[in-house]
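*Asks:* Following is a predicted model, sequence given first.
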2 protein chains.
Amino acid sequence: MFLAPWRSLLARALQRNSSLVYARYVQLATVRANGQPANRTVVFRDFLEDTNQLKFITDSRTQKVQEINLYPWGEICWYFPKIREQFRIAGKLILVDADYSEPALQQARRIAWQEISEEARSQFTWPQPGENKATARAFQQPAPDSIAPLDNFCLLLLEPEQVDFLQLRGEPQNRSLYLRDGEGNWSVRSVNP
Amino acid sequence: MFLAPWRSLLARALQRNSSLVYARYVQLATVRANGQPANRTVVFRDFLEDTNQLKFITDSRTQKVQEINLYPWGEICWYFPKIREQFRIAGKLILVDADYSEPALQQARRIAWQEISEEARSQFTWPQPGENKATARAFQQPAPDSIAPLDNFCLLLLEPEQVDFLQLRGEPQNRSLYLRDGEGNWSVRSVNP
């Protein structure tokens, strides 16, 4: 696998912000069925092994999954406060749900389930997200099996096609634009901030 | 002016995170001309006086302004790390540029220019954002007049229509959805996280 040229910058940013648990929180923008933008915080779960794809997890019952099924494209905005660096990463979204056919990605989905905490797994037993709040009792289900994911558990992958990297600390600020061509090769140019 | 019911929650979150300069940084999602989502960090500059509109500033030469001119709708995602609260605020975007006709908003644009630092004002003299990086010299323009804004300085307002408020700390998490009707009245309901 060819490691994309922006990966080392992102690895350095993560390393230098490793004391902040929320340095792994990013904002994912998608487009709603009515054409309006949507935006929410998601947790970066590492790269999918031997790829440049970013891993997230989600619940198939959420609005975001409906949006991604309609239009599988997203842009994350990742701001690292300590070092004042921003990565805007745009690309195709791949939703690996219970019916996804590729065995290697089903295996990645199972591993993602096994890697999260019991508390995080329990959230997938909660009542339908976005509906009127259910009684407290509806949230107290037995903890699910830690081996096999619940059907509504999804692995969400972002396959980057463009990365806009900004360092606010420069004089002037430094900004680089990374683009992937149809053959998967990355180019980079320095642009005005 | 009727203060929207979510304003007190946001004020409390800002107050409790006031030691973090980046607690005023939010991620703004818009839609690109090609229909793809865009997402970047912007700085919250307070509410426009006597309204529920959030103030930001931007440069008319940026891609975001092109996007907003085509489709004036946005959603900000605002995550407060210290208290683990998230506000997703969606609404109409109003771009107050040099040609904007309403005198009260032109006045607000002038005030916004006067309130930012000289360093921030200088950025509006920089070469065209997103073009190939200019020489260092092109970034060293004389500081602009602090009274009258440069033509490319814009005030950007977000007029909220929906606020999705999430407290991660609850057991289970608490989530409230605020909606504004056609007459400007807000309703709220508690929903499943």
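*Replies:* Ah, there it is.

*Asks:* hey, let's count contacts and neighbours off CA atoms from now on
*Replies:* Fine.

*Asks:* could you point out the longest helix in chain A?
*Replies:* For chain A, the longest helix by residue count, based on DSSP state H, is helix A:103-115.

*Asks:* For that helix, which helices and strands make contact with it?
*Replies:* In this structure, helix A:103-115 packs against strand A:85-96, strand A:153-167, with contacts taken as 3 or more C-alpha pairs under 8 Å, 6 or more residues apart in numbering or on different chains; DSSP states H and E.

*Asks:* Rebuild these as CSV, extending it with mean pLDDT and distance to chain B.
*Replies:* Below are those laid out as CSV (pLDDT from 0 to 100; distance: least, C-alpha to the nearest C-alpha, whole Å):
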stretch, mean pLDDT, distance to chain B
strand A:85-96, 98, 7
strand A:153-167, 98, 10
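
*Asks:* Using a markdown table, please lay out these together with distance to B:Ala108.
*Replies:* Formatted as a markdown table, the helices and strands packed on helix A:103-115 follow (distance: least, C-alpha to C-alpha, whole Å):
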| stretch | distance to B:Ala108 |
| --- | --- |
| strand A:85-96 | 29 |
| strand A:153-167 | 29 |
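
*Asks:* And the ones you listed: which comes nearest A:Leu48?
*Replies:* Evaluated over the helices and strands packed on helix A:103-115, closeness to A:Leu48 peaks at strand A:153-167, with 7.9 Å, by C-alpha to C-alpha.

*Asks:* The closest one vs strand A:85-96, what angle?
*Replies:* Going by axes from the mean of the first three to the mean of the last three C-alpha atoms, to 10 degrees, strand A:153-167 is angled at 160 degrees with respect to strand A:85-96.

*Asks:* helix or strand right after strand A:153-167?
*Replies:* For strand A:153-167, the succeeding helix or strand toward the C-terminus, using DSSP states H and E, is strand A:174-180.

*Asks:* Beyond that next one, next helix or strand please.
*Replies:* Sequence-wise, the next helix or strand downstream of strand A:174-180 (DSSP H and E) is strand A:186-191.

*Asks:* Is chain B within reach of that following strand?
*Replies:* Yes: using C-alpha under 8 Å from any C-alpha of the partner chain, strand A:186-191 comes into contact with chain B via A:189-191.

*Asks:* Report the buried members of those.
*Replies:* Among the residues of strand A:186-191 next to chain B, the ones that count as buried by 16 or more other C-alpha atoms under 10 Å in any protein chain shown are A:190-191.

*Asks:* Which one of the residues of strand A:186-191 next to chain B is nearest to chain B?
*Replies:* Taking C-alpha to the nearest C-alpha as the measure, chain B lies nearest A:Val191 of these, at 4.1 Å.

*Asks:* Near chain B, which residues of chain A? Just list them.
*Replies:* Within chain A, the residues that sit near chain B (C-alpha under 8 Å from any C-alpha) are A:22, A:27-31, A:35-41, A:73-77, A:79, A:81, A:86, A:88, A:90, A:127-134, A:136, A:139, A:172, A:189-193.

*Asks:* Which of these are buried? Put it as a ChimeraX command.
*Replies:* Buried residues among the residues of chain A next to chain B (16+ other C-alpha under 10 Å), as a ChimeraX selection:
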select /A:22,27,28,29,30,31,36,37,38,39,40,41,73,74,75,76,77,79,81,86,88,90,127,128,129,130,132,133,139,190,191,192,193
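
*Asks:* Which of the residues of chain A next to chain B fall within helices?
*Replies:* Short answer: the residues of chain A next to chain B have none in helices (DSSP H).

*Asks:* Show me which residues of the helix or strand that contains A:Ala120 are buried.
*Replies:* Assigned by DSSP H and E, A:Ala120 belongs to helix A:118-122. Under the neighbour-count criterion of 16+ other C-alpha under 10 Å, helix A:118-122 has A:121-122 buried.

*Asks:* What's the mean pLDDT across that helix?
*Replies:* For helix A:118-122, mean pLDDT is 96.

*Asks:* for stretch A:67-81, how far is the first residue from the last?
*Replies:* With C-alpha to C-alpha, to the nearest Å as the measure, the ends of stretch A:67-81 fall 29 Å from one another.

*Asks:* no no, stretch A:45-61
*Replies:* End to end - C-alpha to C-alpha - stretch A:45-61 spans 20 Å.

*Asks:* Check stretch A:128-141 too.
*Replies:* End-to-end distance of stretch A:128-141: 13 Å, with C-alpha to C-alpha as the criterion.

*Asks:* what sits up against it?
*Replies:* Stretch A:128-141 has contacts (C-alpha atoms under 8 Å, 6 or more residues apart in numbering or on different chains) with A:61-62, A:122, A:125-127, B:172, B:189-193.
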